[in-house]
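Student: please find the sequence and the predicted model below.
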Amino acid sequence: MTDHQDRLAAARKSIDELDQSIQRQISDRARLAQEIAIIKQKSGDVGDMYRPSREAEVLRRVMDRNEGPLTGETMARLMREIMSACLSLESPLTVAYLGPEGTYTQGAVHKHFGHAVRSRPMVAIDEIFRDVEAGNSHYGVVPIENSSEGVVSHTLDLFVSSPLRICGEVTLPIHHHLLSDQELPDGITKVIAHPQSLAQCRTWLQTRLPAAELETASSNGKAARLVSDHPGQGWAAIAGRPAAELYKLKIAAANIEDESDNTTRFLVIGRQQTDPTGDDMTSFVCSAHGGDQRPGALFELLKPFSDAGVNMTRIESRPSRRGNWNYNFYIDVAGHADEAPLNKVLKAVESRSDLFKILGSYPRAPLG
Ligand SMILES: O=C(O)C(=O)C[C@]1(C(=O)O)C=C[C@@H](O)C=C1
């Protein structure tokens, strides 16, 4: 054997030994998760084996102590899958998302929960709410805002009347590809996609395919399925890589989004109230006493935040449907609603509001 072959064989032997030890330790970890499940059952704590706050803490710790050469994010993703597999031993989770398979929302499900969950595709966002409310799925994942297109207002409206709470957030960098049965974009006559995706690729489409007909679909997964069902017609869909693999389409043009840091934020909805983790967000909806046309009404409503120095990261207004020119404000703030100073600030806002509802306190997305 040459020196090169000796060194290769020795390094592989060391890897084999490490793999064996990693595998043994993962099995030990899984046994501990089973033990935790029994402890939860014995204490009558069976409602939810899934603990978003504990998972966020575990993932943050993995990233904090990471010393390379793998990135903290990569390490956390590996741990994400290990935890997902451990949880599936405790109680397999079912998560509803905006289908069909291959949508970005399914990508968000896997990023947040790992691949050991059962994901249930729904045809519309309100069906996701209904599926979780009816108890068919434990959790749901819904898109809430995109960095270039803004808020998904339909999702916001559904929160007002739903008993569900927000128990997590997921951010997903969105890369749009032009998927077709042909290798190149030349000669594409029709592009099908969700309206938000068409909007996010507007400049690319105008420049590269100015003559193509643009058709909307209820999801990018559905658009990809349509294109796959009609080969040889010069049709293309805008969707992500998983949809290309699932529907056996070619990437005729990659990364066609106008903004390269295009990101979508999704919310995890369920019945669970999550514990504080030290890095949390709270979302709530409110409306000003006596309507918001009163001069200074919005300022008065939000003054307790600036008085307490609490950071507001988002405010959206939506027609309240309680008469013309009356608005609900959807607000995200840093902190947990059970902890100071936010608990006091929220009480002060509630006393100034006609409508006030906390939609949930949840760990800030642990994975970037
Ligand atoms: O700590 C728990 O409560 C567990 O059930 C264990 C565990 C894990 O694998 O670390 C599994 C699932 C929960 O969502 C959180 C953590």
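Tutor: Thanks, I have it.
Student: can you give me the pLDDT of the residue lying closest to residue 279 once chain neighbours are set aside?
Tutor: Nearest non-adjacent residue to residue 279, counting by Cβ to Cβ, 6 or more residues apart in numbering: residue 364, 4.9 Å away. For glycine as for every other residue, the C-beta is placed from the backbone atoms N, C-alpha and C. The model reports residue 364 with a pLDDT of 96.
Student: and residue 364, how many neighbours?
Tutor: Applying other Cβ atoms under 10 Å, we find 16 residues neighbouring residue 364.
Student: over to residue 326?
Tutor: Neighbourhood size, residue 326 [other Cβ under 10 Å]: 17.
Student: swap in residue 256?
Tutor: By other Cβ under 10 Å, the residues close to residue 256 number 22.
Student: look up phi and psi at it.
Tutor: Backbone dihedrals for residue 256, given as degrees, to the nearest 10, come out at phi -90, psi 10.
Student: who are the contact partners of it?
Tutor: 176, 177, 178, 201, 204, 205, 208, 238 (Cβ atoms under 8 Å, 6 or more residues apart in numbering).
Student: do the same with residue 255
Tutor: Residue 255 makes contact with 175, 176, 177 under the criterion Cβ under 8 Å, 6+ apart.
Student: any chance of the residues you listed in CSV, plus neighbour count, secondary structure and distance to residue 347?
Tutor: Listed next are the contacts of residue 255 as CSV, based on neighbours: other Cβ atoms under 10 Å; DSSP: H, G, I helix; E, B strand; the rest coil; distance: Cβ to Cβ, whole Å:
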residue, neighbour count, secondary structure, distance to residue 347
175, 14, coil, 43
176, 24, coil, 44
177, 25, strand, 48
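Student: quick check: residues of the stretch 51-200 of the chain near the ligand?
Tutor: Residues of the stretch 51-200 of the chain lying near the ligand by Cβ under 6 Å from any ligand atom: 51, 54, 55, 58, 83, 86, 87, 90.
Student: the fourth one: helix or strand, and which one exactly?
Tutor: Per DSSP states H and E: residue 58 is located in helix 52-65.
Student: any idea how far the next helix or strand after that helix is from the middle of the chain?
Tutor: Per DSSP H and E, helix 52-65 leads on to helix 72-90 as the next helix or strand towards the C-terminus. Offset of helix 72-90 from its chain centre (Cα atoms, centre = their mean, to the nearest Å): 16 Å.
Student: name the next helix or strand downstream of helix 72-90, please.
Tutor: Helices and strands here follow DSSP H and E; after helix 72-90, the next one along the chain is strand 94-98.
Student: how about that following strand: buried residues?
Tutor: Using 16 or more other Cβ atoms under 10 Å as the burial criterion, the residues of strand 94-98 that qualify are 94, 95, 96, 97, 98.
Student: so of the contacts of residue 256, which ones are in helices?
Tutor: Of the positions in those, 204, 205, 208 sit in helices, assigned by DSSP state H.
Student: how close does the first one get to the ligand?
Tutor: For residue 204, the distance to the ligand (Cβ to the nearest ligand atom, to the nearest Å) stands at 40 Å.
Student: what do you get for the last one?
Tutor: Computed with Cβ to the nearest ligand atom, the distance linking residue 208 and the ligand is 45 Å.
Student: tell me the pLDDT at that residue?
Tutor: pLDDT, residue 208: 96.
Student: identify the residues contacting stretch 147-157?
Tutor: Contacts of stretch 147-157 (Cβ under 8 Å, 6+ apart): 125-126, 142-146, 196, 199-200, 257-259, 261-264, 267, 285, 316, 318, 330.
Student: among those residues, which ones are in helices?
Tutor: Per DSSP H, those map to helices at 125, 126, 196, 199, 200.
Student: does the ligand sit close to stretch 252-268?
Tutor: No - Stretch 252-268 does not reach the ligand (Cβ under 6 Å from any ligand atom); its nearest approach is 12.1 Å.
Student: which stretches of the stretch 251-368 of the chain have low pLDDT?
Tutor: 290-295, 322-325 (pLDDT under 70).
Student: helices of that one, start to end?
Tutor: Per DSSP state H, counting those that start in this stretch, the stretch 251-368 of the chain carries helices over the ranges 297-308, 342-351.
Student: the ligand: which of those helices is closest?
Tutor: helix 342-351 (24.3 Å; Cβ to the nearest ligand atom).
Student: packing partners of the closest one?
Tutor: Under the contact definition 3 or more Cβ pairs under 8 Å, 6 or more residues apart in numbering; DSSP states H and E, helix 342-351 sits against strand 280-288, helix 297-308, strand 353-363.
Student: rerun that using 6 Å as the cut-off
Tutor: helix 297-308 (3 or more Cβ pairs under 6 Å, 6 or more residues apart in numbering; DSSP states H and E).
Student: what angle do the helix it packs on and strand 280-288 make?
Tutor: Computed by axes from the mean of the first three to the mean of the last three Cα atoms, to 10 degrees, the angle separating helix 297-308 from strand 280-288 equals 150 degrees.
Student: could you give me the buried positions within helix 297-308?
Tutor: Buried residues in helix 297-308, defined by neighbour count with 16+ other Cβ under 10 Å: 297, 298, 301, 302, 304, 305.
Student: tell me the one of the residues you listed nearest residue 242?
Tutor: Closest to residue 242 out of the buried residues of helix 297-308 is residue 305 (39.6 Å), distances taken as Cβ to Cβ.
Student: what's the closest one in contact with, if anything?
Tutor: Residue 305 is in contact with 312, 345, counting by Cβ atoms under 6 Å, 6 or more residues apart in numbering.
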